[in-house]
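turn this into a structure:
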Amino acid sequence: MAQGIRDSRGFDASTGRVRSATRGRKQASIARQDITGRGVLSGRFGLLVLTVAAVLVLTSLYCFRSPSRDILNPRMAGTPVIELIDSTGNMGMYNSVAVDSNNCVHIAYMDGTNHDLRYATNSGGAWSTSTIDSEGSVGQHVAIAVDSHIHVHIVYQGQDGWSFCHATNSSGSWTIRTIDNPNVGLYPSIAVDSEDNLHVSYYDFTNWDLKYATYVGGSWSTYTIDSGGNVGQGTSIAVDSNDNVHISYMNQSWYGLKYATNTGGTWNVSVVDNLGCGSTSIAVDSNDAIHIICQDWTNGGSRYATNAGGNWTIQALCEQGILDNYDSMVIDSSNCIHMSGYNSTGKGLEYATNAGGTWSAFNLDGDCSVGYQTSIAVDSTGTTHISYYDFANYDLKLATFSDVTIPEFPSVFAIVLGSICLVTFISMARRKRC
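Below is the predicted model:
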């Protein structure tokens, strides 16, 4: 052989020796391990990579375990604060909540022991309660609103249910006026427009009609809006950015959902849903689209209707996993819907929202005897306030929570990072076996 030429066994003609095959294989193995990341999967570091991958993936799977812990749905941020507002007798069977421009809370409710109209507020820093009207049996149906001057307005049944009254502290002390009579004022709802004019919808129990009252220039005017059958129960009212009035209500003759508005200058009445609807709640978003919830007497739970797309669309919320009866609704500055109601399976006060893009429900107070006759409001900071009746203890309560829901970004991060770690581990393991 010529000098410097090696045969297949590694014989070097220049030295007359055979090179070590083992040494060659060792050098090749070192090179291969350097390429694949020698030591990455060995010892404690490899175990750490596998552990991190497993923990992150399991955490991600945990987040899918229920509708309220889903990356596609929001999660309640923190525990709601439950406050006992009034327990001096049978308090809060009928209640309504509002927040003012300073984010103080105002609640009107019935004293069931003395059959009086009561009022509670934390505008002074601490909660204070007082009796507003004690003439006969009053306050069985009540609604509250606060105008831009932080004057409180309460509408309610007065004088043993035969009159419909308005109480306000706009003069510095409480004054009471009669809006309408006799035997009217059931299911009242009140809204304040941009000029601080008052708008009220209510049920005329004598004639079975939907009625509307407005307070402009210091006096009340009343109108019959719909008299076609037994209509007007479960009514709710809202005003849009142009101060047009929108009213939702029941047709008790065939349990349908109806809608009335004076947009365009004259009142127009239409049928929204005829599949069995109960009490309603209406709200208007920043685009002046209408949103209505009502009790779903066909499927159970609640139904949701909106004309945000131009025409009315209706959802049975039970099909979205929202199974409870929601009786109050509000829309926040981001056009997200917030609802409060009672859990039909006896789990107490419930709250639902579409803030995460899909509907999610949360239990706020698990006592099976709470959550009747709720009212909901959201202040300018996004804090939600829900007043409700504790039937077991005959108390008025308030649930408050900030940062209602948060997206499950940690869950998304866990899924992505965990998957990367797991794929990397498997890939390295296959390389090492090669």
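
would you map out the domains in the chain?
11-66+411-433, 75-407 (automatic domain parsing).

packed most tightly, which of those would that be?
domain 75-407 (a mean of 19; mean count of other Cβ atoms under 10 Å). For every residue, glycine as well, the C-beta is placed using N, CA and C.

is it true that residue 123 touches residue 98?
No - the pair residue 123 / residue 98 is not scored as a contact, 11.3 Å apart, by Cβ atoms under 8 Å.

mutual contacts of these two, please.
Both residue 123 and residue 98 are contacted by 105, 106, under the criterion Cβ atoms under 8 Å, 6 or more residues apart in numbering.

can you put the domains of the chain in JSON lines and add mean pLDDT?
Listed next are these as JSON lines, based on pLDDT from 0 to 100:
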{"stretch": "domain 11-66+411-433", "mean pLDDT": "53"}
{"stretch": "domain 75-407", "mean pLDDT": "93"}
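
ok, residue 251 - contacts?
228, 229, 230, 231, 257, 258, 271.

equivalent analysis for residue 279, please.
187, 233, 234, 250, 294, 295, 327.

before we move on, what about residue 175?
Per Cβ under 8 Å, 6+ apart, neighbours of residue 175: 167, 168, 169.

tell me the bridge partners for the second one.
Applying DSSP bridges to residue 168 yields these beta-bridge partners: residue 153, residue 175.

just to revisit the earlier point, between the contacts of residue 251, which is nearest residue 305?
Using Cβ to Cβ, residue 257 is the member of those that sits closest to residue 305, with 6.7 Å.

secondary structure element for that closest one?
strand 256-261 (DSSP states H and E).

quick check: neighbours of that strand in the sheet, parallel or antiparallel?
In its sheet, and by DSSP bridges, strand 256-261 pairs with strand 245-251 (antiparallel), strand 268-273 (antiparallel).

so how far is the one helix or strand residue 157 maps to off the chain centroid?
Assigned by DSSP H and E, residue 157 belongs to strand 152-158. Once both centres are worked out by Cα atoms, centre = their mean, to the nearest Å, strand 152-158 turns out to sit 26 Å from its chain's centre.

residues in contact with residue 111?
89, 90, 91, 117, 118, 131, 139.

er, residue 255 actually
Counting by Cβ under 8 Å, 6+ apart, residue 255 touches 276, 277, 278, 297.

got phi/psi on the last one?
By that I understand residue 297. phi -80, psi 0 (degrees, to the nearest 10).

mind listing what the closest residue to it other than its chain neighbours touches?
Once flanking residues are discounted, residue 297 sits nearest to residue 276: 3.7 Å by Cβ to Cβ, 6 or more residues apart in numbering. When contacts are counted by Cβ under 8 Å, 6+ apart, residue 276 is found next to 255, 256, 296, 297, 298.

need the residues you listed in JSON lines with distance to residue 388, can you?
JSON lines is the format used below for the contacts of residue 276 (distance: Cβ to Cβ, whole Å):
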{"residue": "255", "distance to residue 388": "25"}
{"residue": "256", "distance to residue 388": "28"}
{"residue": "296", "distance to residue 388": "21"}
{"residue": "297", "distance to residue 388": "22"}
{"residue": "298", "distance to residue 388": "26"}
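
among those, which one sits closest to residue 191?
For those, the nearest to residue 191 is residue 256 (23.0 Å; Cβ to Cβ).

would you mind measuring from the closest one to residue 278?
The spacing between residue 256 and residue 278, counted by Cβ to Cβ, to the nearest Å, is 11 Å.

where do the contact lists of the two overlap?
Residues touching both residue 256 and residue 278 (Cβ under 8 Å, 6+ apart) are residue 250.

which stretches of the protein form helices?
Using DSSP state H, the helices of the chain run over residues 21-36, 43-62, 409-433.

show me the contact partners of the strand holding residue 257.
Here strand 256-261 has contacts from 210, 212, 225-226, 231, 244-251, 267-277, 280, 290, 292, 294, 303, 305, using Cβ under 8 Å, 6+ apart.

returning to what we had before: dump the contacts of residue 279 to JSON lines, plus distance to residue 357.
Shown next, in JSON lines, are these (distance: Cβ to Cβ, whole Å):
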{"residue": "187", "distance to residue 357": "32"}
{"residue": "233", "distance to residue 357": "33"}
{"residue": "234", "distance to residue 357": "29"}
{"residue": "250", "distance to residue 357": "30"}
{"residue": "294", "distance to residue 357": "23"}
{"residue": "295", "distance to residue 357": "25"}
{"residue": "327", "distance to residue 357": "24"}
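
which single one of these is nearest to residue 127?
Using Cβ to Cβ, the contacts of residue 279 come closest to residue 127 at residue 327, 23.7 Å.

and the gap between residue 362 and residue 156?
30 Å.

same deal with residue 278?
From residue 278 to residue 156 the distance is 21 Å (Cβ to Cβ).
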